[in-house]
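*Asks:* need a structure here:
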Amino acid sequence: MPVPILKQSGVLIATIQAALTDHDLVQLKDDLAEKVGRFRAHGVVIDVTALDVMDSFATRTLRMIAETTRLRGAVTVIVGIQPDVAMAMVQLGLLLDGISTALDLEEGLELDLATEIGFSGSELTIVATAISEVARNIITYAVRGEIILSTLHQGGRRAIVVIARDSGPGIPDIEQAMRDGFSTGKSLGLGLPGSKRLMDEFEIVSEPGKGTIVTMKKWARSR
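*Replies:* The predicted structure follows:
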C-alpha cells in the first residue's frame, strides 16, 4: 500500500495508515528521496501513529530515510510512536539514534520549523520544552487557546517566534505568576518562569477576564 505524501510549505508529510510490507517501506524511502529534491523540501515528517509493531526492518528503513533525506538537505522527524511500541523497541535494541522524534504531527512540524532556522539538537529540545510549558498553562487555566509559530529574520539573524494566546480568566498578578515555584494549579512543571529562562526574549500581557498573550523568541546561534 503506497504511503500518501503531502506537501505543506517546505515540509513533506508521510502518513503511514496501516502495517507496511518490506516493499512498501523501500518504496516510501525512494519516494521521499525523490520528492525532497523535486519540491526542495527542508523537512520530512513521518507519522507512524497507526503502527502497533515496529520490527527491525522498519526501524532500519526509517534510519535510512533520515540519512538519505539529510544528505539531500532535509531533516526527518518521526512522530506518533505508541508507548507500547516504544517500550518494545527499547527492549529489542531497535533504536532511532540521531533521529528527531515527536509525540504527534503538530509537534513534529514545530521541530521542522525550528530546524529550518538552524537550531542544534539541544536548542530544539529547549524550544520544544518552552512550547510545552505555555501549552500546559493554557490547558490548565484557560482550557482553550492557540499557539502560533513563525520565523523572524532580522539583521542577518534568525529566530523562531512563539505566540501563545488564550481567552481565559487572565492573570491578576503577573509579577507573582513569574516567581519561581508559584502555582495556583499545583503544577510540577517549569511554568511561565521556566519558559522565560529557556527563551531569549519573553513578554506576557494579560488582563483579568480577557485572557493572556505570551510572546517568546529564540534566536539561532551563529555557527
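
*Asks:* Give me the domain ranges for this protein.
*Replies:* Annotated domains of the chain cover 5-110, 121-219 [automatic domain parsing].

*Asks:* Compare the mean pLDDT across those domains and name the weakest.
*Replies:* Among the domains of the chain, domain 121-219 carries the lowest mean pLDDT, a mean of 82.

*Asks:* From the chain's centroid, how far away is that domain?
*Replies:* 16 Å (Cα atoms, centre = their mean, to the nearest Å).

*Asks:* Could you export the domains of the chain as TSV, including mean neighbour count?
*Replies:* Every residue, glycine included, has its C-beta placed from N, CA and C. Converted to TSV, those look like this (neighbours: other Cβ atoms under 10 Å):
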stretch	mean neighbour count
domain 5-110	17
domain 121-219	16
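
*Asks:* mind checking how far G10 is from A142?
*Replies:* Separation of G10 from A142 (Cβ to Cβ, to the nearest Å): 32 Å.

*Asks:* where along this protein do the helices fall?
*Replies:* 22-39, 56-71, 83-92, 105-117, 121-137, 174-177, 191-198 (DSSP state H).

*Asks:* For V162, find the nearest of these.
*Replies:* Comparison of the helices of the chain against V162 by Cβ to Cβ identifies helix 121-137 as nearest, at 5.9 Å.

*Asks:* Show me what the closest one is packed up against.
*Replies:* strand 100-102, helix 105-117, strand 145-154, strand 157-166, helix 191-198, strand 211-219 (3 or more Cβ pairs under 8 Å, 6 or more residues apart in numbering; DSSP states H and E).

*Asks:* Columns distance to V44 on top of these, output as CSV?
*Replies:* Output for the helices and strands packed on helix 121-137, formatted as CSV (distance: least, Cβ to Cβ, whole Å):
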stretch, distance to V44
strand 100-102, 10
helix 105-117, 8
strand 145-154, 18
strand 157-166, 19
helix 191-198, 26
strand 211-219, 22
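
*Asks:* Out of these, the one nearest A135 is which?
*Replies:* strand 145-154 (6.0 Å).

*Asks:* Can you dump the C-alpha atoms of that closest one in PDB for me?
*Replies:* Once non-C-alpha atoms are left out, strand 145-154 reads as follows in PDB (Å, rounded to 0.1, in the frame of the first residue of the first chain):
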ATOM      1  CA  GLY A 145      -6.300  28.800  23.200                       C
ATOM      2  CA  GLU A 146      -3.800  28.700  20.300                       C
ATOM      3  CA  ILE A 147      -0.100  28.600  19.800                       C
ATOM      4  CA  ILE A 148       1.300  30.300  16.600                       C
ATOM      5  CA  LEU A 149       4.800  29.700  15.400                       C
ATOM      6  CA  SER A 150       6.600  31.900  12.900                       C
ATOM      7  CA  THR A 151      10.100  32.800  11.800                       C
ATOM      8  CA  LEU A 152      11.900  36.200  12.100                       C
ATOM      9  CA  HIS A 153      14.800  37.400  10.100                       C
ATOM     10  CA  GLN A 154      16.500  40.500  11.400                       C
END
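
*Asks:* How about the contacts made by the closest residue in space to E133 that isn't next to it in sequence?
*Replies:* Residue nearest to E133 in three dimensions, not counting chain neighbours: S195, with 4.6 Å by Cβ to Cβ, 6 or more residues apart in numbering. Counting by Cβ atoms under 8 Å, 6 or more residues apart in numbering, S195 makes contact with A130, E133, V134, F202, V214, M216.
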